[in-house]
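Student: Show me how the following folds:
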Amino acid sequence: MKTLIWFTAIILISVMAACSYGPDSTKGFSLPAGNEATGEKVFMKYQCQACHSLKGYADDSLIKEFDTPIPLGGTSSMVKTYAQLVTSVINPSHKLAPRSRYIDEKITNEDGSSKMRVFNDVMTVQELIDLVAFLQPKYKVEPITYTHYGQYRML
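Tutor: You can find the predicted model right below:
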């Protein structure tokens, strides 16, 4: 019995040590609150609608990069977090959302990186914060609707 307790204790200590925060941890990182109204101006300033669509916003004067713009906002079964939006702007190639197989346009370069321009040398940190503050409320979580039908059974 003592062996089982020691073995369990060693496993628990190992698991807790594996969960420690290392130098690559995001613990302690946060940005200040942004301003939605200013974020809307940033959205227009950097002409995000040349590649993206956002419900309620249209600018026909821009030259469109894609026939089918990449949508921003809308409903999803997963929460679009603040950190995910910040990462998407800072590092567009980090995680590319899959496009419909019916859309012929390629949103990646030959090397697999995103075609989205990197704004890191142009956009200020405050503009990034405000842009994300503007975009995040545009995402709504819609829980997955399960059917009331049970599993099919083989007779």
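Student: Not counting residues beside it along the chain, what's closest to T38?
Tutor: Distances taken as CB to CB, 6 or more residues apart in numbering place D130 nearest to T38, at 4.2 Å, with adjacent residues excluded. C-betas here are computed from N, CA, C, even on glycine.
Student: Report whether the one you found is found in a strand, as I expect.
Tutor: No. Following the definition DSSP: H, G, I helix; E, B strand; the rest coil, D130 is helix and is not counted among the residues of a strand.
Student: Please enumerate the strands of this structure.
Tutor: The residue ranges that make up the strands of the chain, judged by DSSP state E, are 52-54, 70-72, 74-76, 139-141.
Student: The residue nearest to T38: how many residues sit nearby?
Tutor: Neighbours of D130 under the rule other CB atoms under 10 Å: 23.
Student: who's in contact with it?
Tutor: G34, N35, E36, T38, G39, K41, V42 (CB atoms under 8 Å, 6 or more residues apart in numbering).
Student: per-residue confidence for the residue lying closest to the fifth one once chain neighbours are set aside?
Tutor: Meaning G39. What sits nearest to G39 in space, not counting adjacent residues and going by CB to CB, 6+ apart, is F134, at 2.7 Å. As summarised for this prediction, F134 has a pLDDT of 94.
Student: List the residues that contact F134.
Tutor: By CB under 8 Å, 6+ apart, the contact set of F134 is G34, E36, A37, T38, G39, E40, V42, F43.
Student: Longest helix in the protein, by number of residues?
Tutor: When secondary structure is assigned using DSSP state H, the longest helix within the chain turns out to be helix 2-18.
Student: Using CSV, write out the CA atom coordinates for that one.
Tutor: Once side chains and other backbone atoms are set aside, the C-alpha atoms of helix 2-18 remain, and they are given as CSV (Å, rounded to 0.1, in the frame of the first residue of the first chain):
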residue,chain,number,x,y,z
LYS,A,2,2.9,2.4,0.9
THR,A,3,4.4,1.7,-2.6
LEU,A,4,1.1,2.8,-4.3
ILE,A,5,1.0,6.0,-2.3
TRP,A,6,4.7,6.8,-3.1
PHE,A,7,4.1,6.0,-6.7
THR,A,8,1.0,8.2,-6.9
ALA,A,9,2.9,11.0,-5.1
ILE,A,10,5.8,10.8,-7.6
ILE,A,11,3.4,10.9,-10.6
LEU,A,12,1.5,13.9,-9.1
ILE,A,13,4.8,15.8,-8.5
SER,A,14,5.9,15.0,-12.0
VAL,A,15,2.6,16.3,-13.5
MET,A,16,2.8,19.5,-11.4
ALA,A,17,6.4,20.1,-12.5
ALA,A,18,5.4,19.7,-16.1
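Student: Alright, that wraps it up for me.
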